[in-house]
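> Got a predicted model here, sequence first, then my questions.
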Amino acid sequence: MNTSSASTTPDRPKESVRDQCSTGRVVKAPCGVLDVFAGVALLCVFGGYCWDALTLPGPVNPNGIGVGEFPLIIAVSALLAVALMLCLGVIKCFRGSNQEQVAIFRPVSVVLAVLVLLSIGTYLDSLGPIIGVAGLSSLIMLVVGERRPVQILAVSLGLSFGLYAIFVLALGVSFS
């Protein structure tokens, strides 16, 4: 055992995670209740997505996969996963045992990040892929707490130009 210490920091007790989190806003809920609320919200979202996928046109080639099949596969898979999560949440709620508490730290940041993600789908066509992905990925990083400007700039530009290289240069997809 090494008894010598060369630390220059004063001896003070370390703050626990609970003490650090008590200074900010925290939303706590039982795991089953949160699963039920999230499941109902996601059922509505993916139900609408499935409805929209059903209205897409079928394939021109009867042996091929058309525009509507891939979104429909995603929608049905997501609906099945959400239904399973919702059933497990209901079982957890009715079980009556002590449920694990789930804490959501910085709920305002979580809501802002969701709004930025929704804006990606809304404004990506009008902004263009390079400016849209770079700008909106920068906003996401700012919302979730990243404050290093070099990190924000490098990741957003790298993501934007990386996607451009993959889709335009490698795959030949035109964004115009």
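Structure's in. What do you need? Numbers count the residues shown, from 1 in each chain.

> what separates the helix or strand hosting residue 140 from the chain centre, distance-wise?
Using DSSP states H and E, residue 140 sits in helix 129-143. Remark: helix 129-143 is offset 14 Å from the chain centroid, using C-alpha atoms, centre = their mean, to the nearest Å.

> Counting neighbours, which bits of the helix or strand following that helix end up buried?
Counting by DSSP H and E, the next helix or strand C-terminal to helix 129-143 is helix 149-164. Using 16 or more other C-beta atoms under 10 Å as the test for burial, helix 149-164 gives 152, 155-156, 160, 163-164. For every residue, glycine as well, the C-beta is placed using N, CA and C.

> just stretch 123-133 next, same as before
Neighbour-count burial for stretch 123-133 flags 124, 127, 129, 132-133 (criterion: 16+ other C-beta under 10 Å).

> Show me the strands in this structure, by range?
26-30, 101-105 (DSSP state E).

> what helices or strands is the last one leaning on?
Based on contacts counted as 3 or more C-beta pairs under 8 Å, 6 or more residues apart in numbering; DSSP states H and E, the elements that strand 101-105 packs against are strand 26-30, helix 31-54.

> Tabulate the ones you listed (a markdown table), appending mean neighbour count and distance to residue 77.
As requested, the helices and strands packed on strand 101-105 are exported to a markdown table (neighbours: other C-beta atoms under 10 Å; distance: least, C-beta to C-beta, whole Å):
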| stretch | mean neighbour count | distance to residue 77 |
| --- | --- | --- |
| strand 26-30 | 13 | 27 |
| helix 31-54 | 15 | 9 |
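
> Which of these has the lowest mean pLDDT?
Note on the helices and strands packed on strand 101-105: lowest mean pLDDT is at strand 26-30, with a mean of 72.

> mind checking how far the longest helix along the chain is from the chain centre?
Longest helix in the chain by number of residues (criterion: DSSP state H): helix 69-95. Here helix 69-95 is found 17 Å from its chain centre; the criterion is C-alpha atoms, centre = their mean.

> Quick check: chain neighbours aside, which residue is closest to residue 164?
Residue nearest to residue 164 in three dimensions, not counting chain neighbours: residue 130, with 5.8 Å by C-beta to C-beta, 6 or more residues apart in numbering.
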